[in-house]
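1. Need coordinates for the below:
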Amino acid sequence: MSELFEKRCVPCEGGVQPLDRAAAEVLLARLHPDWRLAEDARSLNRSYKFRDFFRAMSFANAVAHVANVEDHHPDLEVGYGYCRIAYRTHSIGGLSENDFICAAKIDRL
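-> Numbering: from 1, shown residues only. Presented below is the predicted three-dimensional model:
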């Protein structure tokens, strides 16, 4: 089985069920331990801390590049010294493998 970061996102236009908690936890175990599932298991979240605004924005721009390449976009919250990432496949109202693929790619930044 290939690593998540080696995979590519597959377009998701809806019509499939989001991952249940058990399936999400299996994929979560393959990511950096700072990633968290939301209480309802419908989003994947991680917070990063940086020394200053420039470094936070540089990281956010690198995340944006991953998002554009994969055509799968997270919600970002960026400010002085921090960047928070939330992945969720909006078209299905929960998590898909795409969210974990992108998280794994971010882990490699």
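
2. so how far is residue 67 from residue 52?
-> From residue 52 over to residue 67 the distance is 23 Å, taken as CB to CB, to the nearest Å. Backbone N, C-alpha and C define where each C-beta goes, glycine included.

3. Between those two, tell me which one has more neighbours.
-> The neighbour count for residue 52 versus residue 67, taken as other CB atoms under 10 Å, is higher for residue 67 (19 against 10).

4. how about that one, what does it touch?
-> 73, 74, 102 (CB atoms under 8 Å, 6 or more residues apart in numbering).

5. With respect to residue 91, which of those residues is nearest?
-> Compare each of the contacts of residue 67 with residue 91 using CB to CB and the shortest gap goes to residue 73, at 11.6 Å.

6. so residue 17 sits right up against residue 92, yeah?
-> Yes - counting by CB atoms under 8 Å, residue 17 does reach residue 92; the two are 7.0 Å apart.

7. Just want to know which of these two has more residues nearby.
-> residue 92 (18 against 10).

8. mind listing what that one touches?
-> Counted by CB under 8 Å, 6+ apart, residue 92 has contacts 12, 14, 16, 17, 18.

9. Among these, which one lies nearest to residue 57?
-> For the contacts of residue 92, the nearest to residue 57 is residue 12 (28.6 Å; CB to CB).
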